[in-house]
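Student: Please work out how this folds:
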Amino acid sequence: MESYRTGIENPIVEKEIIELAKKIQLFRGGNIDEERFRSLRLARGIYGQRQEGVQMIRIKLPYGKVSGEQLRRITDVSEEYSTGRLHITTRQDIQIHYVSLDRTPELWEQLAKDDITLREACGNTVRNITGSELAGIDVNEPFDVTPYAHAMFQYLLRNPICQEMGRKFKISFSSSDEDTALSYLHDLGFIPKIVDGQRGFKVVFGGGLGSQPSHAELLSEFIPVNKIIPTAEGIIRVFDRYGERVKRMKARMKFLVKELGKDAFLELVEQEQKAIAFETYEIDTTAFDGPIPEPLLEAPKVTIEDTTAYETWKESNVIAQKQKGYFAIGIKILLGDFYIDKARQLADLIKNYAANELRFSLRQNIVIRHVKEENLPFFYQELAKLGMVDLGYNSTADITACPGTDTCNLGIASSTGIAEELERVINAEYPQYKNNREIEIKISGCMNACGQHNMSAIGFQGMSINSGKLVAPALQVLLGGGRLGNGEGRFADKVIKIPSRRGPEALRTILNDFDANANGQKFLDYYDAKGEKYFYEILKPLSDTNNLTEADFVDWGNADNYVKAVGVGECAGVVIDLVASLLFEAKEKLTFAQEAIDEGKWANAIYHTYAGFVNGAKALLLSENEKTNTHVGIIDLFENVFIATKKIELNTASFKELVYQINQVEPSEAFAKQYIKEGISFFEEIEKYRAKDLANA
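Tutor: Coordinates of the predicted model:
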């Protein structure tokens, strides 16, 4: 590891990979605390698995876009470093599992050769920016949101304002008022609008799922496209400074917005505007505005023997694009899992015969874009060879599920096993639901809602249930959630808890009742008309634990009796701060600040210096057994404990005034250099204090 070098031409990426290798070496040598190292690796897409000694790697793919070359590269990496299985997530990432920690730098190096990153795919960062998979081809879109999502991704990647927040931060871009990117459950959601001929977005903020789902609030009905990045930066800065950092269950932005109130929160955002390097940020869309590329090869003419099957597939899985003569093909991927043999052939197919682009969807599927109408028979033939023409794309029969107890530390019950069984039930007993686009079924293995169970019409959450001396796997049944459009949605009600093995019968009960009594009503209208208690009563017989059989104690997809085993979750990048490592990090932030000054990035230098102030102050507070859970709390407490008592004397009268120059002074070369000079001086003082404190200990 010590002599690790890369062949990457991008010096920024090369530096990151070498730095990761060094940190792994320090961790292996016992020189970095395990919890601090966890925070570092999570921000680089390296996530601990349920299985000890191996990692899950999350590959960050903004708005799910992948070229044939990139998909080929991902398959090569999976073959070399993992098991050959690719998993599509509900945030349009790809995950691979069972990777050795020591091999992650070289894995990252291989991905970087085709401009693929792991950076900020996990941890307390801005996660993958999601977008409607039909953006750019959607017949209902006002304009293509892709360049704006891409610009947001590029701007926030590696940005110091969002590297070590209290919790993760999620952003989505929907292509139209249908809001297929689910803005209402995001920290920031963007819906495109045109007002007086000007492009812009309706913006909502403060949404989220988890154990306490929260509907996003309206920020603005219209923000011009050149204001979306300054707006996002102001919100992220406030979240970073005021957000909870200890109680992780209360650390998402939705809780901060509720605690402060919407108006007070937005007032703080307004106060941050002076600190932002620009009032507007122009986004270049020209790279996305060109004509659709012609295929490299001419598709062979084919004759379809089973024309009925072909026409049924077209009706179910083929989508007309806004570009005349072009179609998109939806591929239903069971549980988001597919293997590299098929992925390689798919990569070649889109590269040679389409426009070399596919997108992974939020429902864990694949969309091939820009297929000429005359080439649809050829694509049907080739996809059939890969087993990728299953009907029911984006239908009730297309169930979303997180990995659950397969690999996740937090999984309580199997989500993939029950999802597979429910799809089997629908295919065998309710084939009419393969054409139903209204009723969505989603499953999560725990309350964290990675499978988005609590925003679906029919949802299941993995739980456990006690029966005497034994514990059985269970499912919470949720009903009545859904996307309403234009930034509005509704969350499902928790109706009843049942043993997991009765999940299929619960689904049958719900669908049979709906088929028999709805009389043409939509499912959500029917649910509202009947009410939660009605569904509780018809499902109640399934909740009886006095008649459990031996099979009820074996979870779906397992052969052995269920054992509830929940590990330490890493979704939030939990961190236990130690004084020494915080001081080390504070000094590291000042180094980053100086590097940013050398590169002429004044705003970045200022924010790195601010982080140095906060980390240094926090370290000394911990050394005095003083604790606080927000940046603003750290700054206030340091003022009281060290400055007011004259334990530490600064050149300025107030530590708060010193630090808060960050949002009082416009970013400039002069201020950046002054601020870092003051940061270095502050650090010298706290090091003196720390040395004296240790000597007297």
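
Student: how far is the one helix or strand Ile57 maps to from where the chain is centred?
Tutor: Using DSSP states H and E, Ile57 maps to strand 55-59. From the chain centre to the centre of strand 55-59 is a distance of 13 Å (Cα atoms, centre = their mean, to the nearest Å).

Student: ok, now how distant is the residue lying closest to Gly404 once chain neighbours are set aside from Ile458?
Tutor: Of all residues not flanking Gly404 in the chain, Gly445 sits nearest, at 2.8 Å (Cβ to Cβ, 6 or more residues apart in numbering). To be clear about C-beta, it is placed using only N, CA and C from the backbone, and glycine gets the same treatment. With distances taken as Cβ to Cβ, to the nearest Å, Gly445 is found 16 Å from Ile458.

Student: what do you get for Ile171?
Tutor: 27 Å.

Student: Equivalent analysis for Ile32, please.
Tutor: Relative to Ile458, and taking Cβ to Cβ, Ile32 is found at 45 Å.

Student: the more surrounded of those two?
Tutor: Ile458 (28 against 19; other Cβ atoms under 10 Å).

Student: Go ahead and confirm the more buried one touches Ile443.
Tutor: No: between Ile458 and Ile443 there is no contact under Cβ atoms under 8 Å: 9.4 Å.

Student: name the element Leu349 belongs to?
Tutor: Per DSSP H and E: helix 340-353 holds Leu349.

Student: per the record, what domains does this structure have?
Tutor: Taking automatic domain parsing as the domain assignment, the ranges for the chain are 11-112, 130-287, 292-385, 403-553, 579-695.

Student: what stretches of the stretch 501-650 of the chain score poorly on pLDDT?
Tutor: 558-578, 581 (pLDDT under 70).

Student: how about the helices in it?
Tutor: Assigned by DSSP state H, counting those that start in this stretch, the stretch 501-650 of the chain shows helices spanning 503-517, 523-530, 532-539, 579-598, 602-623, 631-638.

Student: Dump the C-alpha coordinates for the fifth one into PDB.
Tutor: So the one you mean is helix 602-623. Output in PDB follows, covering the C-alpha atoms of helix 602-623 (Å, rounded to 0.1, in the frame of the first residue of the first chain):
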ATOM      1  CA  TRP A 602     -11.400  31.200  -2.500                       C
ATOM      2  CA  ALA A 603     -14.900  30.000  -1.300                       C
ATOM      3  CA  ASN A 604     -13.600  26.400  -0.900                       C
ATOM      4  CA  ALA A 605     -10.600  27.700   1.100                       C
ATOM      5  CA  ILE A 606     -12.800  29.700   3.400                       C
ATOM      6  CA  TYR A 607     -15.100  26.700   4.000                       C
ATOM      7  CA  HIS A 608     -12.200  24.400   4.700                       C
ATOM      8  CA  THR A 609     -10.900  26.900   7.200                       C
ATOM      9  CA  TYR A 610     -14.300  27.200   8.900                       C
ATOM     10  CA  ALA A 611     -14.300  23.400   9.300                       C
ATOM     11  CA  GLY A 612     -10.800  23.600  10.800                       C
ATOM     12  CA  PHE A 613     -12.100  26.100  13.400                       C
ATOM     13  CA  VAL A 614     -15.000  23.900  14.300                       C
ATOM     14  CA  ASN A 615     -13.100  20.600  14.500                       C
ATOM     15  CA  GLY A 616     -10.400  22.300  16.600                       C
ATOM     16  CA  ALA A 617     -12.900  23.800  19.000                       C
ATOM     17  CA  LYS A 618     -14.800  20.500  19.300                       C
ATOM     18  CA  ALA A 619     -11.600  18.600  20.100                       C
ATOM     19  CA  LEU A 620     -10.800  20.900  23.000                       C
ATOM     20  CA  LEU A 621     -14.400  20.800  24.300                       C
ATOM     21  CA  LEU A 622     -14.200  17.000  24.300                       C
ATOM     22  CA  SER A 623     -10.900  17.200  26.300                       C
END
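
Student: Determine the angle, from 0 to 180 degrees, between it and helix 579-598.
Tutor: 170 degrees (axes from the mean of the first three to the mean of the last three Cα atoms, to 10 degrees).

Student: again, but for the third one
Tutor: For helix 532-539 against helix 579-598, the angle by the same axes, to 10 degrees is 120 degrees.

Student: quick thing: my sequence starts at 127, can you match it?
Tutor: Done: numbering now begins at 127, and the last item shifts to helix 658-665.

Student: so where's this protein shaky on pLDDT?
Tutor: Residue ranges of the chain with pLDDT under 70: 127-133, 161, 531-538, 594-595, 684-704, 707, 823.

Student: most tightly surrounded among the helices of the stretch 627-776 of the chain?
Tutor: Neighbour counts (mean count of other Cβ atoms under 10 Å) averaged over each of these peak at helix 728-749, with a mean of 24.
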